[in-house]
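A.B. asks: Give the three-dimensional model of this entry:
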Amino acid sequence: MELFGVNLDKNTHSVSSDKGTIHVFSITSIDNPVLITSSSRALVKGVIPKYFSFVWSLAQFRLVEGSQYIVAFGHQKNTVVIIGLDGSFYRCQFDPKAGAEMTQLEYHNFVKPDDYF
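C.D. replies: Alright, predicted model coming up:
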């Protein structure tokens, strides 16, 4: 996976990848990582050595795979702004307590399809 953008905040950081995903991670102490807790992932715990721990993203947003995106935290609390090389602009909100998929608040495309290189 290639990372196209990483943005740090006091308690979280956001990442965009070549897989068309935006992730928000909670920054935790190295002594207190976020471990697998879901029963659907419980089988992995038995197979992977104990010195590995998994950190799952707090929130995700899925976009078109293969396009490049830059992500930054918005000025409203718990929001991210996503700008794509294809001229797309997204503003999304995440719930730091519940996690899961982000909610899309806004979308614009500033480039006509014919203008996209």
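A.B. asks: Leu63: what's its closest spatial neighbour, skipping adjacent residues?
C.D. replies: Gly20 (4.4 Å; Cβ to Cβ, 6 or more residues apart in numbering). C-beta here means a position set from N, CA and C on the backbone, and glycine is covered the same way.
A.B. asks: so what's the one you found up against?
C.D. replies: Arg62, Leu63, Val64, Glu65, Gly66, Ser67, Tyr69 (Cβ atoms under 8 Å, 6 or more residues apart in numbering).
A.B. asks: any idea how far it lies from Ile27?
C.D. replies: Distance, Gly20 to Ile27, by Cβ to Cβ, to the nearest Å: 24 Å.
A.B. asks: picking that back up, most neighbours among the contacts of Gly20, which one?
C.D. replies: Among the contacts of Gly20, Tyr69 has the most neighbours (other Cβ atoms under 10 Å), with 22 neighbours.
A.B. asks: Return the set of residues that bridge with that one.
C.D. replies: For Tyr69, the beta-bridge partners under DSSP bridges are Gly84.
A.B. asks: which residues touch it?
C.D. replies: Phe4, Gly5, Ser16, Gly20, Ile22, Leu63, Ile82, Ile83, Gly84, Leu85, Ser88.
A.B. asks: Given the helix or strand harbouring His13, what are its sheet partners and their directions?
C.D. replies: Using DSSP states H and E, His13 sits in strand 12-17. Using DSSP bridges, strand 12-17 pairs in its sheet with strand 3-8 (antiparallel), strand 21-26 (antiparallel).
A.B. asks: Tell me the helix or strand right after the element among helices and strands of the chain having the smallest mean pLDDT.
C.D. replies: Sorted by mean pLDDT, DSSP states H and E, the helices and strands of the chain end with helix 42-47, the least confident at a mean of 45. For helix 42-47, the following helix or strand on the C-terminal side (DSSP H and E) is strand 59-62.
A.B. asks: which helices and strands sit right next to that next one?
C.D. replies: strand 21-26, strand 100-101 (3 or more Cβ pairs under 8 Å, 6 or more residues apart in numbering; DSSP states H and E).
A.B. asks: what's the least confident stretch among those?
C.D. replies: Lowest mean pLDDT within the helices and strands packed on strand 59-62: strand 21-26, at a mean of 88.
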